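In: Quick one, fold the following:
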Amino acid sequence: MTKRISTDKAPAAIGPYSQGVVMGDYLFVSGQLPIDPATGSIDADNVADQTRQSLTNVSQILAAAGTSLDKVVKTTVFIQHMDDFAAMNEVYAQFFCGEVQPARSAVEVAKLPKGALVEIEAIAAL
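Out: A predicted model of the protein is given here:
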């Protein structure tokens, strides 16, 4: 059984997709841009602050499904400039600081929606 997860504490989907989808014992969180849900825009102009907002958005969707960052098993980070990896990674480490961090892929991309510098998706256990 599939269940859609949605919260107004994270940005609304900007296309035909769900913020999150539960399938079985897992939640699949769509890639989260660094959009502030209060303003509907990207307010930060650097990768560190954008990473913080993207992961805050992920966290809010996890909470809406009844899970949390410590249950994340896999993330994918899409970053516009691999030269920004260290700054992104420093903020990322603040969110995933437990004994077991999730598996992760990081991919440099040519362009992200709305001119974002980073987008992060996640898979979490419920």
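In: now the strands: where do they sit in this protein?
Out: For the chain, the strands defined by DSSP state E cover 2-5, 20-23, 26-32, 72-79, 103-108, 118-125.
In: buried stuff in the fourth one?
Out: Applying a neighbour-count criterion of 16 or more other C-beta atoms under 10 Å, the buried positions in strand 72-79 are Val72, Thr75, Val77, Phe78, Ile79. (C-beta placed from N, C-alpha, C; glycine too.)
In: between it and strand 103-108, how many degrees?
Out: 10 degrees (axes from the mean of the first three to the mean of the last three C-alpha atoms, to 10 degrees).
In: right, and Leu27 touches Glu121 too?
Out: No - no contact is recorded between Leu27 and Glu121 when judged using C-beta atoms under 8 Å, the distance being 11.1 Å.
In: can you map out the helices along this structure?
Out: With DSSP state H applied, the chain shows helices at 47-64, 85-95, listed in chain order.
In: now these as a markdown table including mean neighbour count?
Out: Shown next, in a markdown table, are the helices of the chain (neighbours: other C-beta atoms under 10 Å):
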| stretch | mean neighbour count |
| --- | --- |
| helix 47-64 | 22 |
| helix 85-95 | 16 |
